[in-house]
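1. sequence below, structure please.
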Amino acid sequence: MAAQSTLKNIAEKAGLSVPTVSQILNNRKNFCSEATKQRVREVARELGYRPNFAYKLMQGQKTKTVAILNSMPQMNSEEYILKLIMLLISGFDRLGYSAYCHAFSRDPAANLEKIRTLINRGVEHFIFLGCPFGHEPILKELKKYKLPVIGNSPFYERWVEKGVKSGTCEILRFFESQVGSNYKLICQEKEASEGNEKIKALMAMYGYSNVDLAVHEKVFLSENIDFEVSDYAERAYPVAREATRRLLEQKPDIGAILYMNDSFAVGGAEFILQPGNEKYRRILLAGCNNEHIIRKFPLPISSIEFRLEEMAEQLVLNALGSAECRISIPPRVFLRTTCTEAQYPPWNETIIDLTI
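-> Predicted structure coming up:
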């Protein structure tokens, strides 16, 4: 009765009949224009309408719901992840789908239980951003119910990936042209694995036969950051500052440093900006994500910018089906080098579009 009452309120405010509003909100065929459908959905959100999924499930109806799942809480504070999620929600909304957004923890059992809860709520499509703890039983559970799954990396059977490896290779070639092989990748100890796209780029660049050799030759390990941290960037800055300090203490003549992301790059750059460290400002720095903070930073920090609009479009399109999907979307690479202090910003910038 409450749902009918809400439908009546929506119909009155939208100037439509209750059956028409019901058809629109339940994504049934009708002759209304897209503008009318969008107006009804906006009114429904404004009035706090919630569809009765339990009733739909008992009647064997489609719920038209999607789950967007971050592999760990720290991803919720990453600028590009938040933008991607908003693009996904908007894309599904245009197609009449509702979206749940959740972040997994480091507890595999809790993660599996979260998936089961979403299945019981009638979620029909699953998008994974990253790889959660306990991924094998999670994917097995979803396969049991024949629910479509897609991820943002080749780890999954169906995927749309953002081109980290190709973008990193471009930065490494830039480093080689400027300082030869005199550079290091700074990453957390737990990130030094075969799933790390930047390490894959190092292996491709130098023909390393295994991850251990690549890590030994080209990687400098930092302290680990807890997966459960609520504000990843604030925790990353001091960790990167300390790792950069230790690296430069060991290798004061290093020519370039690559970081796992922009938060780490900014932390390292903050150390270089400290009084007494002016001699290190010749070092080339690079991050990943091309976030706002590095675009405005006093030192030049090269970065990789992902085509999030294209990525979201492909994820939305392919999340709703089960056909084979293996799409890599080449990124843009921003190469930044020191210029004159009179220039603002005080560095040169070259943009490489890997789609060309």
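
2. where do the strands sit along the stretch 101-250 of the chain?
-> Assigned by DSSP state E, counting those that start in this stretch, the stretch 101-250 of the chain shows strands spanning 125-129, 149-151, 159-161, 183-188, 219-222.

3. adding distance to residue 71 and mean pLDDT as columns, could you present the ones you listed in CSV?
-> Every residue, glycine included, has its C-beta placed from N, CA and C. Formatted as CSV, those follow (distance: least, Cβ to Cβ, whole Å; pLDDT from 0 to 100):
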stretch, distance to residue 71, mean pLDDT
strand 125-129, 6, 95
strand 149-151, 9, 96
strand 159-161, 14, 96
strand 183-188, 15, 96
strand 219-222, 20, 96
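
4. can you list those strands in a markdown table and add mean neighbour count and distance to residue 327?
-> Below are the strands of the stretch 101-250 of the chain laid out as a markdown table (neighbours: other Cβ atoms under 10 Å; distance: least, Cβ to Cβ, whole Å):
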| stretch | mean neighbour count | distance to residue 327 |
| --- | --- | --- |
| strand 125-129 | 24 | 14 |
| strand 149-151 | 23 | 10 |
| strand 159-161 | 22 | 5 |
| strand 183-188 | 22 | 26 |
| strand 219-222 | 20 | 29 |
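
5. out of the ones you listed, which is closest to residue 331?
-> Nearest to residue 331, of all those, is strand 159-161, at 10.2 Å by Cβ to Cβ.

6. run through the neighbouring helices and strands of that closest one.
-> strand 149-151, helix 308-319, strand 326-328 (3 or more Cβ pairs under 8 Å, 6 or more residues apart in numbering; DSSP states H and E).

7. distance from the chain centre to that strand, please.
-> The chain centroid and the centroid of strand 159-161 are separated by 11 Å under Cα atoms, centre = their mean, to the nearest Å.

8. tell me which of the strands of the stretch 101-250 of the chain sits nearest to residue 354.
-> Minimum separation from residue 354 across those (Cβ to Cβ) falls at strand 159-161, 13.1 Å.

9. quick one, helices of the stretch 201-350 of the chain?
-> 211-218, 232-250, 262-273, 292-295, 308-319 (DSSP state H, counting those that start in this stretch).

10. show me what contacts residue 187?
-> By Cβ atoms under 8 Å, 6 or more residues apart in numbering, the contact list for residue 187 reads 196, 198-199, 219, 221-222, 259-260, 264.

11. beta-bridge partners for it, please?
-> Under DSSP bridges, the beta-bridge partners of residue 187 are residue 221.

12. and the pLDDT for the residue positioned nearest the centre of the chain?
-> The centroid of the chain falls nearest to residue 81 when counting by Cα atoms, centre = their mean (3.7 Å). Residue 81 carries a pLDDT value of 89.

13. also residue 2?
-> We note a pLDDT of 45 for residue 2 in this prediction.

14. what comes up buried for the helix or strand containing residue 82?
-> Assigned by DSSP states H and E, residue 82 falls within helix 79-94. For helix 79-94, burial by neighbour count (16 or more other Cβ atoms under 10 Å) applies to 79-81, 83-85, 87-89, 91-92.
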